[in-house]
Every structure is written in C-alpha cells, then in structure tokens.
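[1] Just the structure for this:
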Amino acid sequence: PKAAMAFSGKYEFESDENYDAFVQKIGLPSDKIEMGRNCKIVTEVLQNGNDFTWTQHFPGGRTTTNTFTVGKEADMETMGGKSFKATVKMEDGKLVADFPNYRHTSEICGGKLVEISTSSGVVYKRTSKKIA
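    Below you'll find the predicted structure:
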C-alpha cells in the first residue's frame, strides 16, 4: 500500500514532551539525559517496501543506525545505546517496536515524523519536521 511508503525522508527534531520523566523512567544515565535534551537530532529514513534503514544523526557526529524488515526479528539499539533483538510491526500505518522497557511507535502525521515512546504509563513524544 502507498501509505506505508510515506516514511522515507530526512527529519529534524522540532519539539518533544515529557523528556525528563521518560528518560528517568527508563534509567538513562544523567550525562546521556543532558546530551539528549532538546538535541537537534536528524532522523534519516530509507524505506524500500518493508525494509527500513533508520539513522539518527546526533550533533557532534555520532550516528545510530537500525536496519529492520517489518515482521522480522532484527538487532536494534535503544536510546541508551543497548543492543537487543526486536520485531518491528506495522499497525494502522504506524511502525511499532517493543523495546526491553518501553514501546515505541513512529508515524508520519501532517508531513512530520511523530515518535511516541511509552514506559510504565509515561508517554514521551518527539516531533520532527521534514527537511529533505
């Protein structure tokens, strides 16, 4: 379906909600918490059918790349830099991944990339605007 192809592009961090409560809940160390606050992360998504390459470019040159196929187990890296195996699913046009201590969804909404992570009732929302 065409809608599922909508993820490809480059997105720059615009705003977030509940950052501090969420990163404390998932146990991120304080140096990482400071580094990530209002961080102008650029997220680059390459999509080919159900195959995705999801790269986050952090200021200062650090990048994290997760490569996965919808419905197949893949090696993923969390916000805190931990590696684990997860299966990304597509639900109602959203990409859904269950991390060890939180659930992450990504969707394109009004041309923006909206990512929502939920851990023990704390909801962290990050919105990025399309730049390419």
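[2] Flag every buried residue along whichever strand or helix holds residue 114.
    According to DSSP states H and E, residue 114 maps onto strand 112-119. In terms of neighbour count (16 or more other Cβ atoms under 10 Å), strand 112-119 has its buried residues at 113, 114, 115, 116, 117, 118, 119. Backbone N, C-alpha and C define where each C-beta goes, glycine included.
[3] Quick check: the farthest pair among those?
    Checked with Cβ to Cβ, the buried residues of strand 112-119 reach their widest spread between 113 and 119, with 20.0 Å between them.
[4] nearest to residue 24, of the buried residues of strand 112-119?
    Comparing the buried residues of strand 112-119 against residue 24 with Cβ to Cβ places residue 119 closest, at 9.9 Å.
[5] what about the closest one, distance to residue 30?
    Taking Cβ to Cβ, to the nearest Å as the measure, residue 119 falls 17 Å from residue 30.
[6] Make JSON lines out of the buried residues of strand 112-119 and add pLDDT and distance to residue 90.
    Formatted as JSON lines, these follow (pLDDT from 0 to 100; distance: Cβ to Cβ, whole Å):
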{"residue": "113", "pLDDT": "97", "distance to residue 90": "15"}
{"residue": "114", "pLDDT": "97", "distance to residue 90": "15"}
{"residue": "115", "pLDDT": "95", "distance to residue 90": "15"}
{"residue": "116", "pLDDT": "96", "distance to residue 90": "15"}
{"residue": "117", "pLDDT": "93", "distance to residue 90": "17"}
{"residue": "118", "pLDDT": "94", "distance to residue 90": "18"}
{"residue": "119", "pLDDT": "92", "distance to residue 90": "22"}
